[in-house]
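1. next one to model:
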Amino acid sequence: MIRRPPRSTQGVSSAASDVYKRQVSLYPGRSDQQKQDFAKAITKSAVDILKTKEEHVIVVFDENPKENWFLAGNQL
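-> As a prediction, this is how the structure comes out:
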């Protein structure tokens, strides 16, 4: 799941000054290379679509065991 935090409510904001944080929740077990490749893909998409700079994109991986995941109150 990818969640976007609420945008800042500063008086003047421009795309060039925004920082885009993407939080990715996933089961443990992905290799460092897989996470790095995925983070690069997310960053490239943000640059291409949102017209921002690579250094303005933050990707955070939260690894949670499957027993901690629930949908509609039911464990996945």
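
2. quick one: residues contacting the closest residue to L76 other than its chain neighbours.
-> Closest residue to L76 apart from its sequence neighbours, by CB to CB, 6 or more residues apart in numbering: W69 at 4.4 Å. From N, CA and C alone the C-beta is placed, and that goes for glycine too. Counting by CB atoms under 8 Å, 6 or more residues apart in numbering, W69 makes contact with 27, 75-76.

3. and W69, how far from I49?
-> 28 Å (CB to CB, to the nearest Å).

4. state the helix or strand in which the residue nearest the centre of the chain lies.
-> By CA atoms, centre = their mean, the chain has its centre lying nearest to R22, at 1.8 Å. If you go by DSSP states H and E, R22 is part of strand 20-26.

5. export only the CA atoms of that strand, formatted as CSV.
-> C-alpha atoms of strand 20-26 as CSV (Å, rounded to 0.1, in the frame of the first residue of the first chain):
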residue,chain,number,x,y,z
TYR,A,20,7.0,13.7,-1.9
LYS,A,21,7.1,10.9,0.6
ARG,A,22,5.9,7.4,-0.4
GLN,A,23,5.5,4.9,2.4
VAL,A,24,5.4,1.3,1.1
SER,A,25,4.1,-1.4,3.5
LEU,A,26,5.1,-5.0,2.5
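
6. what lines up beside that strand in the sheet?
-> When pairing is defined by DSSP bridges, strand 20-26 lines up against strand 2-3 (antiparallel), strand 57-63 (parallel).
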